[in-house]
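1. got a predicted structure here, sequence first:
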Amino acid sequence: MTVKVGIIGCGSIANYRHLPEYAANQDVEIVAVCDVVKKRAEAANAIYGGKIFTDYKELLALDEVEAVSVCTPNYLHAPISVAALKAGKHVLCEKPMATSLAEAEEMIEAAEKSGKTLMIAHNQRFVPAHQKAREIIANGELGKVYSFRTAFGHPGPEGWSVDGANSWFFKKEEAFIGAMGDLGVHKTDLIRYILGEEIAEVGAFVETSAKDFASVDDTAVCVLKTESGIIGTLAASWSYTAKEDNSTIIYGEKGILRLEDDPNYSLVAQYTDGSIVRYELGGIQTNDNQSNSHVVDHFIKAVESGSTPLITGEEGKRSLAVIMAALESNEKKTIEKVKTGVHA
């Protein structure tokens, strides 16, 4: 079976992740590429083929397109995804899935009505060290989890986006949210996944401290509390100027798990009995190391088999809800309960 795919948005994330990963999958044919900047669609076509579009609605009208990746600025994620699902296409949408919980629910509803797959591209769930940590916690090796800290920071999208400092990432009307949505939502999703429980309350400081030209946040620090009472911190920033940080540390009754914290070992388990287990599981994807994220392969497998993807629309919404609570906490200067909406 060959899944015929269209890419909507041919910027950096499409070029670094989606397009090459679809091209590497033997069950995929790229049949359409779309970008409002025609030369970007043309550049994608020159490498990967596919019909060229500048209007996503025209791409969605193509009967041969069975699935699409939505790789656009954040404010377009929901409207394009909903239109694609209503047109009978499977959807892989970049994160954050939407700019409000209402939009997220509209996407979920469209997927349910169409019977098509909706997956959100939270790649951190596929990192081997993260999957192993989830397994260690679930089987009780760490005992009771007491606390955690997780961070995702780098120098900013200007070194990554095709538009540099003029990128939509820095414009509130297009991005809606800055580092907290770009990086923080990855870590809210990751903590939910590794611990196997929901975030219940959030306290946050969200600021613009490094990018004075931006109309969105570039640094956020949050305190999170899970349903069972585990407390920890999350930092998301575009102000880590010298080196990217994508580490997570879990503190438990029987030991500590250090994820992506050691340059040589993607997971280091330090136990209270003095033993240390070092795992070489392959590094996390970074802007400099674009290894296979497994997001596209997982999406295609779900489409082919009709199975439920690891990050459904509901999962994406729950991770978005933590971000929304963080914004509310920062604005009101209060601790906020995470509201997951009517589908919760």
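-> Cool, the structure landed.

2. now do the contacts for the spatially most central residue of the chain.
-> With distances taken as C-alpha atoms, centre = their mean, the chain has residue 122 as the residue nearest its mean C-alpha position (3.2 Å). Contacts were defined as C-beta atoms under 8 Å, 6 or more residues apart in numbering; by that measure residue 122 touches 95, 185, 186, 189, 190, 295, 311, 315, 316, 319. C-betas here are computed from N, CA, C, even on glycine.

3. over to the third one. Which of the three states is it?
-> In three-state terms, and counting by DSSP: H, G, I helix; E, B strand; the rest coil, residue 186 is helix.

4. and if you look at the last one?
-> For residue 319, the reduced secondary structure class is helix; criterion used: three-state DSSP.

5. hmm, residue 185 and it touching each other?
-> Yes - with contacts defined as C-beta atoms under 8 Å, residue 319 counts as touching residue 185 at a distance of 5.6 Å.

6. can you list residues touching both of the two?
-> Looking at what touches both residue 319 and residue 185 (by C-beta under 8 Å, 6+ apart), the common residues are 95, 96, 122.

7. wasn't the second one part of a helix?
-> No - remark: residue 96 does not belong to a helix; assigned using three-state DSSP, it is coil.

8. hmm, residue 323 and it touching each other?
-> Yes - counting by C-beta under 8 Å, residue 96 does reach residue 323; the two are 6.4 Å apart.

9. when those two are compared, which one has more neighbours?
-> Just comparing residue 96 and residue 323: by other C-beta atoms under 10 Å the higher neighbour count belongs to residue 96, 30 against 27.

10. domain parsing for this protein?
-> Described in terms of automatic domain parsing, the domain architecture of the chain consists of the residue ranges 3-123+293-310, 124-289+320-337.

11. lowest-confidence stretch among these?
-> When mean pLDDT is averaged over each of the domains of the chain, domain 124-289+320-337 scores lowest at a mean of 94.

12. start and end of that one, how far apart?
-> Distance between the two ends of domain 124-289+320-337: 24 Å, counting by C-alpha to C-alpha, to the nearest Å.

13. what do you get for stretch 136-150?
-> Here the two ends of stretch 136-150 are set 17 Å apart, with distance taken as C-alpha to C-alpha.

14. stretch 42-60 too?
-> According to C-alpha to C-alpha, stretch 42-60 extends 18 Å from its N-terminal end residue to its C-terminal end residue.

15. what does stretch 265-274 give?
-> Using C-alpha to C-alpha, the two ends of stretch 265-274 sit 18 Å apart.

16. just stretch 257-274 next, same as before
-> 13 Å.

17. which of the residues in that stretch are buried?
-> For stretch 257-274, the buried set under the neighbour-count rule, 16 or more other C-beta atoms under 10 Å, comprises 257, 258, 259, 260, 261, 265, 266, 267, 268, 269, 271.

18. could you look up the SS state of the fifth one?
-> Spelled out, it's residue 261. Residue 261 carries the three-state label coil when classified by three-state DSSP.

19. burial count for the closest residue to residue 154 other than its chain neighbours?
-> Spatially, and ignoring its direct neighbours in sequence, residue 154 is nearest to residue 244 (4.2 Å; C-beta to C-beta, 6 or more residues apart in numbering). Neighbours of residue 244 under the rule other C-beta under 10 Å: 18.

20. tell me where the stretch 1-150 of the chain has strands.
-> Ranges of strands within the stretch 1-150 of the chain are 3-8, 28-34, 51-53, 67-70, 90-93, 118-120, 145-153, based on DSSP state E, counting those that start in this stretch.

21. can you put these in TSV and add mean neighbour count?
-> Below are these laid out as TSV (neighbours: other C-beta atoms under 10 Å):
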stretch	mean neighbour count
strand 3-8	25
strand 28-34	23
strand 51-53	20
strand 67-70	26
strand 90-93	28
strand 118-120	29
strand 145-153	20
